[in-house]
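*Asks:* Here is a sequence with its predicted model. Questions after.
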Amino acid sequence: FWGLNINRTRDLNRMATAWYGNEGDPWDGTEFMGAPSSKAQAIDPAERQYLLGQISLMTWAFVRSMKRHLSPPDEDEEDY
């Protein structure tokens, strides 16, 4: 169970990195189901780096908090 949670949070970080602001996105502004759409705007690289860092920190915090919640109280009390 624990290893699966770690792997899933790594997957989330990989997906965020792959999809957010990916310049190789094939989106070309074509219509989908009759609805016109426009191309996505360019993403600022500094903003992308900051936001991906936030995703990484928040997924780590989630897993760490879950571990703390599921562990015996005395296991890592000094760290908190």
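*Replies:* Nice, I can see it. Residues are numbered from 1 along each chain as shown.

*Asks:* ok, now how distant is residue 51 from residue 11?
*Replies:* 18 Å (Cβ to Cβ, to the nearest Å). Heads up, the C-betas are built off the backbone N, CA and C, glycines and all.

*Asks:* Please identify which helix or strand holds residue 61.
*Replies:* In this assignment (DSSP states H and E), residue 61 forms part of helix 45-70.

*Asks:* residues of that helix that come out buried?
*Replies:* 55, 56, 59, 63 (16 or more other Cβ atoms under 10 Å).

*Asks:* what would those look like in TSV with distance to residue 70 and pLDDT?
*Replies:* Shown next, in TSV, are these (distance: Cβ to Cβ, whole Å; pLDDT from 0 to 100):
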residue	distance to residue 70	pLDDT
55	23	94
56	22	93
59	17	92
63	11	87
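
*Asks:* What is the most widely separated pair among the residues you listed?
*Replies:* 55 and 63 (12.8 Å; Cβ to Cβ).

*Asks:* And the contacts of the least confident helix or strand in the chain by mean pLDDT?
*Replies:* Every helix and strand of the chain was ranked by mean pLDDT, DSSP states H and E. The lowest is helix 2-19, at a mean of 86. With contacts defined as Cβ atoms under 8 Å, 6 or more residues apart in numbering, helix 2-19 is touched by 52, 55, 56, 59, 60, 62, 63, 66, 67.

*Asks:* so what's the fifth one closest to, chain neighbours aside?
*Replies:* Nearest in space to residue 60, with sequence neighbours left out and distances taken as Cβ to Cβ, 6 or more residues apart in numbering, is residue 9 at 7.3 Å.
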